[in-house]
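# My questions concern the predicted model and sequence given below.
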Amino acid sequence: MDAVRARLDDQAYEDAIRYCANSILPMHFGEKLINKIFGRNLQSHAAGLLAVMHCEAELGLGERPTLTRIQAEMGRSRTLSSFFALLRFARFIEAVDHGGDRRAKLLLAKAPLLDGLKTWLSHHMTCAEVAGLLPTGTTHRLKNDEEFSLRYIAAARLMFDRVRSHLAKGEDAWSWFDGFDCGDRMALALLRAHYEHSGEQEARWFLLETRQLSERLGISHSHVRNVLNGAEARGFIRQDRRTHQIALTQKMLEDIRYFHLSFWGWVAETADQATSDRQTAA
């Protein structure tokens, strides 16, 4: 996959990342509860792992998820326990009795969680198609073929592990942004504004309506400003405080490109695995 990324046409990547920002960012606007529940990477990764284990169990490939099993893979955390309680309250998951252990509860993924994950994955799968990393039509299969989507999510364990491992290092721009509440959403807002302008990459100054962004995401304006100031200190963005404009640095653009092409490559590999698993089962 590294060789494919190295040969990828710049315009194909730009089309893909532009689609990414324009399709995924609007999903989060006006969704204050969703952003509160899934705005932190630990929480979203735990929900993804729960969905994977749920689909594995549906296919007879693994055991049903429990809090203990998820913590065994992600590490024990009081935050996870509170998070799953919130998921239950919001009816994203259901907890049922464990036949073999009265103290444990099996966690069942409900339709809102699985559908939301599938929608998010379908956007990134389309990005992989636009970038030329996946055959056109794969996204259609994910949306319309229930067996394929079940096998895709079940096969996504390695993909999510790779993402979690990459983000845990916190060395690149995307990982840094993702470490903050709704940080990935802020990064997408910056990317969308950047690619709306033409010209040389580092000469694309734009006005980001930070107060409007905070209102749309349901987070405080001071949090948005603190993240942007931190990004400037790390060399990811430049700010002109006289005109209130922002420009992305080459470092941020290169970091974002590397992460997303890596991620979309993993998305493509997961599709190959799901197809292979389906053929083997048949």
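That came through, no problem.
# Which positions in the helix or strand where Ala16 lies come out as buried?
With elements delineated by DSSP states H and E, Ala16 resides in helix 10-28, which encompasses its position. Neighbour-count burial for helix 10-28 flags Tyr13, Asp15, Ala16, Ile17, Arg18, Tyr19, Cys20, Ala21, Ser23, Ile24, Leu25, His28 (criterion: 16 or more other CB atoms under 10 Å). From N, CA and C alone the C-beta is placed, and that goes for glycine too.
# right, and the helix or strand after it?
helix 32-38.
# Now the helix or strand just after that next one - C-alpha only, CSV.
Counting by DSSP H and E, the next helix or strand C-terminal to helix 32-38 is helix 41-58. Only the C-alpha atoms of helix 41-58 are listed here, as CSV (Å, rounded to 0.1, in the frame of the first residue of the first chain):
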residue,chain,number,x,y,z
ASN,A,41,-11.3,9.3,20.5
LEU,A,42,-11.3,6.8,23.4
GLN,A,43,-15.1,6.7,23.4
SER,A,44,-15.5,6.4,19.6
HIS,A,45,-12.8,3.7,19.5
ALA,A,46,-14.5,1.7,22.3
ALA,A,47,-17.9,2.0,20.4
GLY,A,48,-16.2,0.8,17.2
LEU,A,49,-14.7,-2.2,19.0
LEU,A,50,-18.1,-3.1,20.6
ALA,A,51,-19.6,-3.0,17.1
VAL,A,52,-16.8,-5.3,15.7
MET,A,53,-17.3,-7.8,18.5
HIS,A,54,-21.1,-7.7,18.1
CYS,A,55,-20.8,-8.5,14.4
GLU,A,56,-18.2,-11.2,15.0
ALA,A,57,-20.6,-12.8,17.4
GLU,A,58,-23.5,-12.5,14.9
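# Would you mind checking the average pLDDT for the helix or strand that comes right after helix 41-58?
As assigned by DSSP H and E, the chain's next helix or strand after helix 41-58 is helix 67-74. What helix 67-74 shows for mean pLDDT is 86.
# neighbouring contacts of helix 67-74?
Identification of contacts with helix 67-74 by CB atoms under 8 Å, 6 or more residues apart in numbering yields 42, 45-46, 49-50, 53, 63, 77, 80-81, 84, 104-105, 107, 164.
# Look up how far Gln250 lies from the residue most central in space within the chain.
Closest residue to the average C-alpha location of the chain: Trp120 at 7.2 Å, with CA atoms, centre = their mean. Between Trp120 and Gln250 the computed distance is 28 Å (CB to CB, to the nearest Å).
# got it, and Arg234?
14 Å.
# out of the two, which sits in the more crowded spot?
Arg234 (14 against 10; other CB atoms under 10 Å).
# Backbone dihedrals for that one, please?
With angles defined as degrees, to the nearest 10, Arg234 sits at phi -90, psi 0.
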